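Undergrad: Build me a structure from this.
(one chain, ligands or ions: 2)
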Amino acid sequence: MDLNIFIDGDQGTTGLDLQNRLRGGEFRIHTLPEGVRKDAAARRAALNACDIAILCLPDAAAREAAAMIENPAVRVIDASSAHRTSPGWVYGLPELDAGQGERIASASRVTNPGCYPTAAVALLRPLTDAGLLPADYPLTIHAVSGYSGQGRAGVQAREAAGAGAHALTVYGLALEHKHAPEIEAYAGLAQRPIFVPAYGSYRQGIVLTIGLHARLLPAHASGARIHECLAQRYRGAAHVRVLPMSSAAPLTELDPQVHNGSNDMSLSVACNERMGQIVLGAVLDNLGKGAAGAAVQNLRLMAGAS
Ligand SMILES: NC(=O)C1=CN([C@@H]2O[C@H](COP(=O)(O)OP(=O)(O)OC[C@H]3O[C@@H](n4cnc5c(N)ncnc54)[C@H](OP(=O)(O)O)[C@@H]3O)[C@@H](O)[C@H]2O)C=CC1
Ligand SMILES: CC(=O)N[C@@H](CCC(=O)OP(=O)(O)O)C(=O)O
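TA: Ligands and ions are numbered 1, 2, ... in the order given. The predicted structure is shown next:
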């Protein structure tokens with residue numbers, strides 16, 4: 001494929017992972033030499049000379065990069081959270097609905113979903129679309145991520161402090177996490193979910209869970225019906241798998257690291273009918289389907305490769 005891809009932010013956690021995933025593939029990858037990788041003039045020139053720019057930058061630098069692009073032929077995939085709900089940007093979750101893959105394929109500006117929202121939206125959107133989850137359901141979403149979600153500086157700080165420095169750190173307790181509006185918008189919710197993230201003492205991988213009380217759901221929304229809805233929605237999806245739900249072999253645990261290194265995500269439904277309780281679960285690699293893997297998936301769609 002004869003496309004020039006420029007990675008801005010190539011030395012960060014996402015940028016490095018992205019290069020590993022694209023190495024030896026069909027795209028021509030460009031990065032800036034170490035001495036000028038933050039130089040505005042060098043970045044502007046590279047951003048305007050490529051076919052597709054992939055921004056693996058902090059939000060402020062991503063906004064700056066997008067504003068530097070004057071060449072109308074340049075297309076962008078932004079891995080940051082700068083443009084997640086911005087007009088003119090297409091949400092880069094191909095599994096969002098039946099038409100999203102095509103919207104991404106023809107888009108000029110694609111915003112990769114956040115790592116946690118990828119999981120939450122994949123679980124919730126099919127249920128709000130199907131009327132199984134009321135848009136104003138009072139949701140609380142819990143998630144644990146590997147510490148690489150903190151970016152390069154965070155990884156270095158963690159690894160310098162030594163393993164086991166913090167076994168688990170719950171954060172976002174100001175209840176203003178940047179992912180809450182993104183989840184609300186794309187999951188089809190009518191009110192902001194409570195989002196409680198945590199970092200574990202392992203490097204990579206997310207497990208996200210959402211508890212539901214059957215008594216607050218429509219009468220037909222049983223655990224089995226919710227599972228069937230998700231299974232139907234993702235049947236044939238290349239990277240999303242719904243784990244089987246069986247009373248003979250019920251789900252007992254979720255390991256956040258099972259998809260590390262891949263672009264896959266698994267979804268699950270656990271249910272205790274006697275208690276009237278349901279737990280939705282999702283597992284993905286925060287650097288895979290949550291970041292660099294998603295960027296590659298969107299790049300391939302935009303390049304007409306899949
Ligand atoms: N890590 C994760 O799990 C996920 C991250 N993301 C998002 O992707 C983006 C990148 O994240 P991540 O890779 O973790 O972050 P990192 O901090 O690891 O990497 C960011 C990179 O951008 C570079 N950079 C900073 N400012 C500039 C600038 N003005 N010009 C050029 N380069 C610059 C940094 O260089 P230096 O280190 O020298 O400052 C660093 O190499 C972020 O917006 C993040 O929120 C999305 C999903 C998941
Ligand atoms: C550095 C930072 O904010 N990390 C986030 C997790 C990764 C992330 O935010 O991903 P997006 O930027 O794609 O949303 C956090 O600590 O909650």
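
Undergrad: Apart from its chain neighbours, what residue comes closest to V155?
TA: In this structure, V155 finds its nearest non-sequential neighbour in S148, 5.5 Å apart by CB to CB, 6 or more residues apart in numbering. From N, CA and C alone the C-beta is placed, and that goes for glycine too.

Undergrad: got a list of what whichever residue of the stretch 1-150 of the chain sits closest to ligand 2 touches?
TA: Residue nearest to ligand 2 within the stretch 1-150 of the chain (CB to the nearest ligand atom): G114, separated by 3.2 Å. By CB atoms under 8 Å, 6 or more residues apart in numbering, the contact set of G114 is S81, R84, K178, H179, E182, G290.

Undergrad: So the last one: helix, strand or coil?
TA: In the three-state summary, G290 is assigned as helix, counting by DSSP: H, G, I helix; E, B strand; the rest coil.

Undergrad: State whether it and C115 are indeed in contact, as I suppose.
TA: Yes. G290 sits in contact with C115 when judged by CB atoms under 8 Å, with a separation of 3.0 Å.

Undergrad: Overlap of the contact sets of those two?
TA: Shared contacts of G290 and C115, counting by CB under 8 Å, 6+ apart, come down to I206, L284.

Undergrad: What about the residue nearest to V155? Give its phi and psi, please.
TA: S148 adopts backbone torsions of phi -70, psi -10, taken as degrees, to the nearest 10.

Undergrad: Tell me how far it lies from A130.
TA: As judged by CB to CB, to the nearest Å, S148 and A130 stand 34 Å apart.

Undergrad: Between these two, point out the one with more neighbours.
TA: Between S148 and A130, counted using other CB atoms under 10 Å, the more crowded position is S148 (24 against 18).

Undergrad: Tell me which residues touch that one, please.
TA: Contacts for S148 (CB under 8 Å, 6+ apart) come out as T13, G154, V155, R203, Q204, N286, L287.
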